[in-house]
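1. Sequence unavailable; structure follows:
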């Protein structure tokens, strides 16, 4: 069955033949990609609103075999040059990795870029991908071997990761500092004096709905709910997350962990599998118990569970760099990057202008973010000072 290379069909429901091809490409992929899986991308195409919704792309070769699967959003950031096709889409974003056929990475990526260019795109942005991974290296090699094409690393950072083949107790003794071990052990004991504390992990055949409901309730009750950024604050985002959680659970690719106190959830965390790689999703906790750090206590138990799970060999935290909690627990680092690959039809002058404009945009955005965060911090301090003065 030959399907359109790129489609923005908001009712995408992969049939048996498409799913067979898709799963086959996953097995033969150069690099596992959770967001390009049939458990993730269709849910996004169906549920996310137009500004965030990706176009589903599956270019094929002459034998009608899929070469790649990727979700692309057209970003009209530089109108005179044309839109940038980016793998950064949706509010629940942690990776922009596409699926590329192993052994044909450069040809697959070239086909993706050609498909994007045929829709008017001036460049392809591969957002938040491992710099030393097969996809990033293929992008850099492709630009070196193609005249009129440029690939630039726009941003690079490191985030916490976990070698999941290790022994749980060796991890606890070798990676977590003695001071941190004492602190979290003390917090766990203090919490246990206030109630019955129990760690749970979802079984493969369990219904994920109660687990997700508990997570959504905890997240909305916290600061994300007050700020309007919790998943449950947005109907389309909640539908997307619900669909992708159900799809992952159906294929035993969902992991859910929960910390209970006196029978009620006080912290919740979930993650998604692609191949033997796990990506952490989101964590939520009861902020009235923040003095006990229930989120960190759950993360410790979840890490032990991950290390005992023989289907997982590597875990990506999906976290921001210098994360105040996960960086103290997971010591491996995964170097990430945003890579911009210019379309072959762009002139050298236009390509240089595009790269300069994108770097300038990112610099200005970071400055605005720093100013905004500084303003919010000062406002919080003012509120605290005012309360103390009463």
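-> Good, I have the coordinates. On a predicted model such as this, the values are computed, not experimentally measured, just so you know.

2. Where does the prediction get shaky in the stretch 151-300 of the chain?
-> Applying pLDDT under 70 to the stretch 151-300 of the chain flags no residue at all.

3. Helices along that one, start to end?
-> Secondary structure of the stretch 151-300 of the chain by DSSP state H, counting those that start in this stretch: the helices cover 168-174, 178-194, 209-221, 223-227, 235-250, 294-308.

4. Which parts of this structure belong to which domain?
-> 6-158+335-375, 165-312 (automatic domain parsing).

5. Can you say which of these is nearest to residue 318?
-> Ranking the domains of the chain by proximity to residue 318 (CB to CB) places domain 6-158+335-375 first, at 3.8 Å. Every C-beta, even on glycine, is put in place using the N, C-alpha and C of the backbone.

6. What is the longest helix of the chain by residue count?
-> Identified as the longest helix of the chain according to DSSP state H is helix 348-389.

7. what's that helix packed up against?
-> strand 151-163, strand 332-342 (3 or more CB pairs under 8 Å, 6 or more residues apart in numbering; DSSP states H and E).

8. Now that helix: average pLDDT?
-> For helix 348-389, mean pLDDT is 83.

9. buried residues in stretch 311-328?
-> Neighbour-count burial for stretch 311-328 flags 312, 314-319, 326-328 (criterion: 16 or more other CB atoms under 10 Å).

10. Switch these over to a markdown table; also include distance to residue 296.
-> A markdown table is the format used below for the buried residues of stretch 311-328 (distance: CB to CB, whole Å):
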| residue | distance to residue 296 |
| --- | --- |
| 312 | 21 |
| 314 | 22 |
| 315 | 16 |
| 316 | 19 |
| 317 | 13 |
| 318 | 17 |
| 319 | 13 |
| 326 | 9 |
| 327 | 12 |
| 328 | 8 |
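
11. Would you mind measuring from residue 88 to residue 183?
-> Using CB to CB, to the nearest Å, residue 88 is found at 36 Å from residue 183.

12. Between the two, which is the more surrounded one?
-> Neighbours were counted for residue 88 and for residue 183 using other CB atoms under 10 Å; residue 88 has more, 19 against 15.

13. What pLDDT is listed against the more buried one?
-> pLDDT, residue 88: 97.

14. what does the one 3 residues further on give?
-> Looking at residue 91, its pLDDT reads 88.

15. Look up the closest residue to residue 292, ignoring the ones flanking it.
-> Spatially, and ignoring its direct neighbours in sequence, residue 292 is nearest to residue 191 (4.1 Å; CB to CB, 6 or more residues apart in numbering).

16. Next one: the one you found from residue 294, what distance?
-> 7 Å.

17. more crowded one of the two?
-> Legend: neighbour count by other CB under 10 Å for residue 191 and residue 294, higher for residue 294 (27 against 19).

18. For the nearest residue to the more buried one once chain neighbours are set aside, list the residues it contacts.
-> In this structure, residue 294 finds its nearest non-sequential neighbour in residue 267, 4.1 Å apart by CB to CB, 6+ apart. Contacts for residue 267 (CB atoms under 8 Å, 6 or more residues apart in numbering) come out as 218, 258-259, 283-286, 294-295, 297-298.

19. how close does residue 267 sit to residue 202?
-> 14 Å.

20. After the helix or strand containing residue 72, which helix or strand is next?
-> Using DSSP states H and E, the element containing residue 72 is strand 68-75. Later in the chain than strand 68-75, the nearest helix or strand by DSSP H and E is strand 84-86.

21. Just the residues contacting that next one, thanks.
-> Contacts for strand 84-86 (CB under 8 Å, 6+ apart): 72-75, 77-78, 96, 116, 119, 121-125, 127, 340, 358.

22. How far does that strand sit from its chain's centre?
-> Centre-to-centre, strand 84-86 and its host chain are 18 Å apart (CA atoms, centre = their mean, to the nearest Å).

23. repeat for stretch 179-188
-> The answer for stretch 179-188 is 29 Å, by CA atoms, centre = their mean.

24. Helix, strand or coil: sort out the most centrally placed residue in the chain for me.
-> By CA atoms, centre = their mean, the chain has its centre lying nearest to residue 94, at 2.0 Å. Judged by DSSP: H, G, I helix; E, B strand; the rest coil, the three-state class of residue 94 is coil.

25. circling back to that earlier point, what mean pLDDT would you report for the strand holding residue 72?
-> Mean predicted confidence for strand 68-75 is 96.

26. tell me which strands and helices it is in contact with?
-> Using 3+ CB pairs under 8 Å, 6+ apart, strand 68-75 sits against helix 16-27, helix 41-47, strand 55-57, strand 84-86, strand 99-100, helix 105-118.

27. Note down every partner strand of that strand and its orientation.
-> Applying DSSP bridges, strand 68-75 is found paired with strand 55-57 (antiparallel), strand 84-86 (antiparallel), strand 99-100 (antiparallel).

28. quick one: contacts of the last one?
-> Residues external to strand 99-100 that are found in contact with it (CB under 8 Å, 6+ apart): 25-26, 29-31, 33, 36-37, 67-70, 108-109, 134-135, 138.
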